[in-house]
Every structure is written in structure tokens, then in C-alpha cells.
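Participant: Take a look and give me a structure for this.
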Amino acid sequence: MNSPRHVPLLPALLGLLLLAACASPSSRIKSNPELFESLPPDIQAQVQDGKIGIGFPQDAVFLALGRPDREYTRTTAQGQVVVWSYIRTITSTDRQRVNVDVRYRDRDGRSRSSREWVWVDVNRDREFEHTRVEIINGLVTAIEEVSR
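Facilitator: This is a model prediction of the structure:
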């Protein structure tokens, strides 16, 4: 008896669910309970909601927002500033008219080609930084957020 071909789909779906679960504060807290317990209760409450504030430890930012998409180091007169940057991607679709070669068979079975105008959808991805967190000596000193 043959096994169904869609069986490998189950592990792939489970893997996707696992990745999606890692994207939430609750899953990061569950993976790092000792880190979460080391935070003061008022910070714990905000981290659970995915929020951060000035004076938060760097570990609290990780638990609330996850790993940064980009990390920068800025040197100032006061010393080193670590900057965590969080990126979002917006996909827009543009419809464009394109002239393409079309191959077909005529009534006599001969292969023919002609140029035809067709409409195609073109996806454009645009990245933008939605949150930037500045950290000095392990503590949040500044937060920038895009308000849209």
C-alpha cells in the first residue's frame, strides 16, 4: 500500500508554527524563564505586552521585541552606544503592461508566434525601520518609533 505524498507536509507545517511562535514575547519568555524572572515586576508586565521603556535592561528589549534586524555601534564623546534596529517590510503590487512573445499553433497545426500586450503584476518590497533602540551600558537610553 502506497503512503500518501502529503505526509512530508506535516513536519513543514509544524516547523512554520514553531517559527511563528518564536516571534512573540510569550514564546521568548517561555524559552528564557530565568531571564524574565530576573526583571522587576513592573518591567515584566510591559515585556509581556511587547513594550519597552527608558531604563529597561537590554535583555528586557530582547524578550519584548526579539532579536534586532540590524545592530549598529555608535561612538560618542560619552562612549559606545549600541543601536538595535527593527525592520518591517511592506509589499505593494503594481500592474504593468508588457509586450511579450506568444507561441501558439494555428488551425493547420503549425507553430506560430506573435507579439501581444499583457498585464502583469509586479511585487515591490519596501523596508522601513519601525523601531530603533539605543543602549548604553546595557540599559535603554533612547527609543525612536515610526508613527503611522
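Participant: pLDDT weak spots in this protein?
Facilitator: The chain contains residues with pLDDT under 70 at 1-22, 148.
Participant: Tell me which residue is most central in it.
Facilitator: residue 88 (5.8 Å; C-alpha atoms, centre = their mean).
Participant: these two touch, right, it and residue 128?
Facilitator: Yes. Using C-beta atoms under 8 Å, residue 88 is in contact with residue 128, at 6.0 Å. C-beta coordinates here come from the backbone N, C-alpha and C atoms, glycine included.
Participant: Mind listing the shared neighbours of those two?
Facilitator: Among the neighbours of residue 88, none is also in contact with residue 128 (C-beta atoms under 8 Å, 6 or more residues apart in numbering).
Participant: For residue 130, pull up the helix or strand it's in.
Facilitator: Remark: residue 130 resides in strand 111-136, with elements defined by DSSP states H and E.
Participant: Now the element after that strand, going C-ward?
Facilitator: Following strand 111-136 in sequence, per DSSP H and E, is strand 139-145.
Participant: about what we covered before: check which residues of the strand holding residue 130 are buried.
Facilitator: By neighbour count on 16 or more other C-beta atoms under 10 Å, the buried set for strand 111-136 is 131, 132, 133, 134, 135, 136.
Participant: so which of those comes closest to residue 123?
Facilitator: Distance to residue 123, by C-beta to C-beta, is smallest for residue 131 among those, at 24.7 Å.
Participant: you'd agree residue 34 is in a strand?
Facilitator: No. Counting by DSSP: H, G, I helix; E, B strand; the rest coil, residue 34 is not found in a strand; it is helix.
Participant: Does the residue nearest to the centre of the chain belong to a helix, a strand or coil?
Facilitator: Per three-state DSSP, residue 88 ends up strand.
Participant: Give the full set of residues in contact with it.
Facilitator: 127, 128, 130.
Participant: wait, the last one sits on residue 86?
Facilitator: Meaning residue 130. Yes. The criterion here is C-beta under 8 Å, and residue 130 meets it with residue 86 at 5.8 Å.
Participant: what separates the residue nearest to the centre of the chain from residue 112, distance-wise?
Facilitator: Per C-beta to C-beta, to the nearest Å, residue 88 is found 48 Å from residue 112.
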